[in-house]
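A.B. asks: Dropping the sequence and predicted coords here.
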Amino acid sequence: MLHVLKKIDGLNSSQQDKLFSLLGQKGIDLKGQMILEYPFCNVEKREYYNVSSSQFRVFIANQLDLSSTAFNNQLVFVLTGDVNLKKMNEALTALVSNHETLRTSFFELKGSVYQKIHKPSDFSITEINNVNTSIESVIQDFVEPFDLEVAPLLRVGVCKLSEAKYLLIFDIHHIISDAESLILLTNEFVDLYKGKKIKAYHYQYRDYSHWEKEINKRFLFRLQKKFWNNLYAKNENYEFPFGNPIVSKDYVGNVFEFSFDADEKLIIDKSVKEMGITHFMFLIGAFALTISRETLKNDVVIGTPVAGRRKKEFEGIMGIFVNMLSIKIQVNKEGKIVEFYKKLKRVVLKCFENQEYPYDRLVGDVNKGNALINIVFAFQNAGGRLKKREREASEEFDILPYKYFGKTSKFPLLLEAWEEERKIGLRFEYSPHIFSENEIQKIAETYQKIVSELINNLKLRIDELAPLKKVDSLASKVHQSDLDDFDF
C-alpha cells in the first residue's frame, strides 16, 4: 500500500483533488488511519530539533502564565519500609540517560519553537524536610513552575513522614510527558531500583517529531484535514455555551468527585454491551445530553484527548503524543436513545480514525485561532496497569499511589472518568471563575440522573428522559464569550 500512497503524494494538489473526487464517486473510502503506513526512522543528531504539534500547543499555553503549575504532572507514592536514596538517585540517573525527553529544554528562535537535547548527567533527588505539615501541603510546596529553557523538566522529592514511611513525589512538565509516559517512568524507575536492566529503545521522541512533520506533507494528511474541516463549518458559532462571566489566565481550578457504584456499573456494562458501544461512548454521550440540557443547545462540542500512539514504534518512547479531538455531537431531542448512540458511535469512530490532524491546526482552519474546545471529557483506562505494577514494586518497601489533584484547570470544564473493578469514578475539574461549586454539583446530579434513566430504559426518546423535561437550567448564563485563554 505504501508504494500507492507515494505515487499519490507525487501528484500535484489539483490532481489529488480530482483523484479524491473520483474515489468518492466510486464509493471508495480511503481511511485516515492509513497515514500510519508511512515509515518511522531515526533522525540524525543535531544541535536542536523541531517540536511536535503537541509540544507546540503546550508551550504556547504555558506562556500565558509562566507562574502557573497547570501543566505540571504529578505522580505521588507512599513508601513503607527501608528506602535507599543512593539507589534511587542511581535509578533516576539511568532513566534520564535512557530517555532524551527527560533532558530536553525548549526555546524560541525567529518566531519558531525548538527543542534541545542535553547530555546525560547525574540526577539528584530533593530531600524534603517535613515540618509537621499535611501530605497535601508537602506536595503543594514541592510543586513549582518550570522554566522550559532549563532541563531537566523533571524534579523528584522524598519526604520522611514517620519511621519507615516516606512520600515520593515526581513533578514533571506536560510538554515532555503524557499518561503513557508516566506509566513507563514508574515501571522503569522501579525496575532500575531493583537492579534490573531496562530496554534500550531504538527510537527517541525527536524521531516522532520528525515523522509527524513529514506526514504533514502527505495526501492522507490532507484527507484528514478535509474530514475535520467538513465537520466544522467556518461561520458557525463555537463559543462556550455557558457564557463568560470572568476570563482568567491563571488556570486556577477546583475539583468535584462522584461515582457510579457496583450495581450501577453492572447495569452500565450491560447497556454498553447491548448497544454495541464502548464505555467511553456511553459516558461521553450522557455528558453531551447533560450539556445540552443545561445550555439548551442541540449541537454540543466536547474535546477528548487521544493517546496518539497508534504506531508500534511509538511504544516505549517517553514524551507527549496526546492530541485533542473536537467531537461535535448533535442532540435530536425527539430521537430515540438507541439512534442517538448509533450516530454517536459513527462520529466517534470517524474522529478517532482521523486523529493525526493536530487540534491547533483545526482551530486555525475553522475558528480564526479561537478555541473550539472548552468542555472536555477524558476516559482514563491506564490506571489499573499502573497500580498493579506499583504493588509489586520492591522487596525493600511497599509502594502505593497517593491520590493527589492539584487545584488547577486547563479548561473551563472537564469531566474525567475511570473504570475500577467495582465502580466508575468521575471527577469534574473546573474554573471557579466561571462555575460555582453549587453549579458543578447541579451538573453532576443531572449527569447521574441522565445515566440512571438511560440504563433503565434504552427505548425512550431523549425528550422523555426525566432530567430533560425540567425547565430550570444554567442557560441563563449563556451569552457572548471569548475563552481563548483556556485554549490547550
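C.D. replies: Cool, the structure landed.
A.B. asks: got any ranges where the stretch 151-300 of the chain has weak pLDDT?
C.D. replies: Within the stretch 151-300 of the chain, the stretches with pLDDT under 70 are 234-235, 243-249.
A.B. asks: Could I get the full set of strands for it?
C.D. replies: Secondary structure of the stretch 151-300 of the chain (DSSP state E, counting those that start in this stretch): strands at 154-162, 165-173, 254-260, 299-306.
A.B. asks: Next, the angle strand 165-173 makes with the first one.
C.D. replies: If you take axes from the mean of the first three to the mean of the last three CA atoms, to 10 degrees, strand 154-162 sits at 160 degrees to strand 165-173.
A.B. asks: Now strand 154-162: buried residues?
C.D. replies: Within strand 154-162, the residues that qualify as buried are Leu154, Arg155, Val156, Gly157, Val158, Cys159, counting by 16 or more other CB atoms under 10 Å. Bear in mind the C-beta positions are built from the backbone N, C-alpha and C, glycine included.
A.B. asks: does Thr104 really touch Lys116, like I thought?
C.D. replies: Yes: with contacts defined as CB atoms under 8 Å, Thr104 counts as touching Lys116 at a distance of 6.7 Å.
A.B. asks: Quick check: neighbours shared by the two?
C.D. replies: Taking CB atoms under 8 Å, 6 or more residues apart in numbering as the contact rule, Thr104 and Lys116 both touch Ala151.
A.B. asks: Which one's more surrounded, those two?
C.D. replies: Neighbour totals were compared for Thr104 and Lys116, and Thr104 leads with 27 against 15 (other CB atoms under 10 Å).
A.B. asks: who's in contact with that one?
C.D. replies: When contacts are counted by CB under 8 Å, 6+ apart, Thr104 is found next to Gln115, Lys116, Ile117, His118, Ala151, Pro152, Leu153, Ile176, Tyr205.
A.B. asks: So which of the strands of the stretch 151-300 of the chain is nearest Leu220?
C.D. replies: strand 299-306 (17.2 Å; CB to CB).
A.B. asks: helices or strands up against the closest one?
C.D. replies: Secondary-structure packing of strand 299-306 (3 or more CB pairs under 8 Å, 6 or more residues apart in numbering; DSSP states H and E): helix 279-295, strand 323-330, strand 375-380.
A.B. asks: Can you tell me what sits against stretch 327-347?
C.D. replies: Residues contacting stretch 327-347 (CB under 8 Å, 6+ apart): 231-232, 275-277, 281-282, 284-285, 288-289, 292, 297-304, 348, 351, 454, 458-463, 465, 468.
A.B. asks: go with 6 Å
C.D. replies: Stretch 327-347 is contacted from outside by 231, 275, 277, 281, 285, 288, 292, 298-302, 351, 458, 460-463, using CB atoms under 6 Å, 6 or more residues apart in numbering.
A.B. asks: Find me the pLDDT at the residue nearest to the spatial centre of the chain, would you?
C.D. replies: Central residue check for the chain by CA atoms, centre = their mean: the C-alpha nearest the mean position is that of Pro305, 3.8 Å away. On the pLDDT scale, Pro305 is placed at 96.
A.B. asks: if I pick the closest residue in space to it that isn't next to it in sequence, what's in contact with it?
C.D. replies: Spatial nearest neighbour of Pro305, chain neighbours left out: Val322 (4.9 Å); criterion: CB to CB, 6 or more residues apart in numbering. Applying CB under 6 Å, 6+ apart to Val322 gives the contacts Ser54, Asp178, Pro305, Gly308.
A.B. asks: Between all of those, which two are separated the most?
C.D. replies: Longest span within the contacts of Val322, CB to CB: Ser54 and Pro305, 9.9 Å.
A.B. asks: Out of the contacts of Thr104, which end up buried?
C.D. replies: Buried members of these, scored by 16+ other CB under 10 Å, are Gln115, Ile117, Ala151, Pro152, Leu153, Ile176, Tyr205.
A.B. asks: Among those residues, name the ones in helices.
C.D. replies: Using DSSP state H, the members of those that fall within helices are Tyr205.
A.B. asks: From the buried ones among the contacts of Thr104, pick the one nearest Phe397.
C.D. replies: Nearest to Phe397 among the buried ones among the contacts of Thr104: Pro152, at 24.8 Å, using CB to CB.
A.B. asks: That closest one against Arg103, yeah?
C.D. replies: Yes: the pair Pro152 and Arg103 qualifies as a contact (CB atoms under 6 Å) at a distance of 5.4 Å.
A.B. asks: which residues do these two both contact?
C.D. replies: Contacts common to Pro152 and Arg103, judged by CB under 6 Å, 6+ apart, are absent.
A.B. asks: Quick check: phi and psi at the residue nearest to Pro305.
C.D. replies: phi -60, psi 140 (degrees, to the nearest 10).
A.B. asks: Right, I'll call it a day here.
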